[in-house]
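1. this one's sequence-less:
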Ligand SMILES: C[S@@+](CC[C@H](N)C(=O)[O-])C[C@H]1O[C@@H](n2cnc3c(N)ncnc32)[C@H](O)[C@@H]1O
């Protein structure tokens with residue numbers, strides 16, 4: 001018996017991995033994060049039990065898993081995007097380890113990848129930014145020391161800010177001194193869902209633009225000079241005259 005933590009991807013049911021889909025179709029118990037995982041991801045399942053974890057607390061989830069373990073039934077624990085990011089799988093894994101219940105994590109397409117794809121952007125352009133910081137807005141979960149937005153912003157790297165759309169003005173004020181008023185920023189709402197929408201602007205006008213759209217939940221903020229930028233060097237990888245292992 002194994003618990004499979006499966007990344008469902010950002011919304012589009014075709015953006016789950018082949019392995020994740022196969023396991024969902026095989027497992028007799030499915031527990032899915034219904035607030036962000038569309039039911040369509042579960043299509044083709046033949047599970048006896050399909051439970052939406054949005055209505056449950058941690059102990060209830062662990063009880064369901066422990067009961068499946070007792071019956072010798074595999075569990076598909078389906079999380080949005082990639083389970084390793086803001087998925088709260090850490091606390092579940094800790095309980096499973098204490099109970100001696102085996103688990104495996106099946107990665108998924110994270111929201112950041114889906115948003116970059118939607119914008120037609122590479123997040124790591126030579127000379128512009130070679131690092132991406134994935135972070136969140138500190139609301140109920142406080143940021144550890146040194147990870148405050150203003151502190152991360154000092155790097156000027158491409159940044160993906162989760163769970164922050166309702167605090168856009170505050171976020172902009174913390175980014176501004178480091179990125180500059182003309183720095184491009186995008187807010188992407190429900191990327192890959194049928195109602196996906198987005199706005200692109202600068203740190204000067206994004207708050208107003210996003211407010212006009214009425215984005216409230218499930219939106220990612222992408223900021224950095226890689227967005228809409230055509231002024232950068234070509235990579236060594238495809239440069240004629242640059243030899244490497246596969247192109248001597
Ligand atoms: C609890 S976190 C889960 C992140 C997820 N594990 C991942 O890898 O994308 C939820 C936040 O991720 C972002 N998010 C998730 N799905 C999204 C989507 N389809 N479009 C835009 N942002 C999304 C939003 O910032 C949302 O508030």
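-> Structure received. All figures in this text were calculated on a predicted structure; none of them were measured in a lab. Numbers count the residues shown, from 1 in each chain.
2. The closest residue to the ligand within the chain: how many residues sit nearby?
-> Closest contact between the chain and the ligand, by Cβ to the nearest ligand atom, is at residue 81 (2.1 Å). In this view, the C-beta of every residue, glycine as well, is placed from N, C-alpha and C. By other Cβ atoms under 10 Å, the residues close to residue 81 number 27.
3. likewise residue 2?
-> Neighbours around residue 2, by other Cβ under 10 Å: 14.
4. re the thing from before, how close does the residue of the chain closest to the ligand get to residue 6?
-> 11 Å (Cβ to Cβ, to the nearest Å).
5. shared neighbours of the two, anything?
-> residue 108 (Cβ atoms under 8 Å, 6 or more residues apart in numbering).
6. care to break this protein down by domain?
-> 3-106, 111-223 (automatic domain parsing).
7. Dump those domains into CSV; add mean pLDDT as well.
-> Formatted as CSV, the domains of the chain follow (pLDDT from 0 to 100):
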stretch, mean pLDDT
domain 3-106, 97
domain 111-223, 96
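8. Distance to residue 233 added to those, as JSON lines?
-> Compiled in JSON lines, the domains of the chain are given as follows (distance: least, Cβ to Cβ, whole Å):
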{"stretch": "domain 3-106", "distance to residue 233": "30"}
{"stretch": "domain 111-223", "distance to residue 233": "5"}
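9. Tell me which of the ones you listed approaches residue 229 most closely.
-> Residue 229 lies closest, by Cβ to Cβ, to one member of those: domain 111-223, at 5.9 Å.
10. quick one: is that closest one near the ligand?
-> Yes: using Cβ under 6 Å from any ligand atom, domain 111-223 reaches the ligand at 111, 114-115, 162-163, 188, 190-193, 218-220.
11. out of these, what pair is the most spread apart?
-> 163 and 192 (17.9 Å).
12. ranges for the strands of the protein?
-> 3-7, 29-32, 49-52, 75-79, 103-106, 132-136, 158-162, 184-189, 197-202, 219-223 (DSSP state E).
13. Excluding chain neighbours, what is closest to residue 47?
-> Nearest residue to residue 47 in three dimensions, chain neighbours excluded: residue 30, at 4.6 Å (Cβ to Cβ, 6 or more residues apart in numbering).
14. can you check residue 23 too?
-> Using Cβ to Cβ, 6+ apart, the nearest residue to residue 23 is residue 4, at 4.9 Å.
15. same question, residue 139
-> residue 163 (6.7 Å).
16. which residues sit in contact with that neighbour?
-> Residue 163 touches 86, 136, 137, 139, counting by Cβ under 8 Å, 6+ apart.
17. show me what contacts residue 40?
-> residue 13.
18. any idea how far it lies from residue 220?
-> On the measure of Cβ to Cβ, residue 40 and residue 220 end up 21 Å apart.
19. what's the answer for residue 157, then?
-> Residue 157 is 16 Å from residue 220, by Cβ to Cβ.
20. Now do the top helix by length along the chain: distance to the chain's middle.
-> Of all the segments assigned as helix in the chain under DSSP state H, the longest by residue count is helix 58-71. Distance, stretch centre to chain centre, for helix 58-71: 26 Å (Cα atoms, centre = their mean, to the nearest Å).
21. residues of that helix that come out buried?
-> 61, 62, 64, 65, 68, 69 (16 or more other Cβ atoms under 10 Å).
22. got the contact list for it?
-> 1, 3, 28-29, 31, 49, 51, 53, 56, 74-75, 77, 91-92, 95-96, 99, 101.
23. rerun that using 6 Å as the cut-off
-> Helix 58-71 has contacts (Cβ atoms under 6 Å, 6 or more residues apart in numbering) with 1, 3, 29, 53, 75, 91, 95, 101.
24. What is the burial count for the closest residue to residue 225 other than its chain neighbours?
-> Distances taken as Cβ to Cβ, 6+ apart put residue 128 closest to residue 225, at 5.3 Å, once the chain neighbours are dropped. Using other Cβ under 10 Å, residue 128 has 19 other residues around it.
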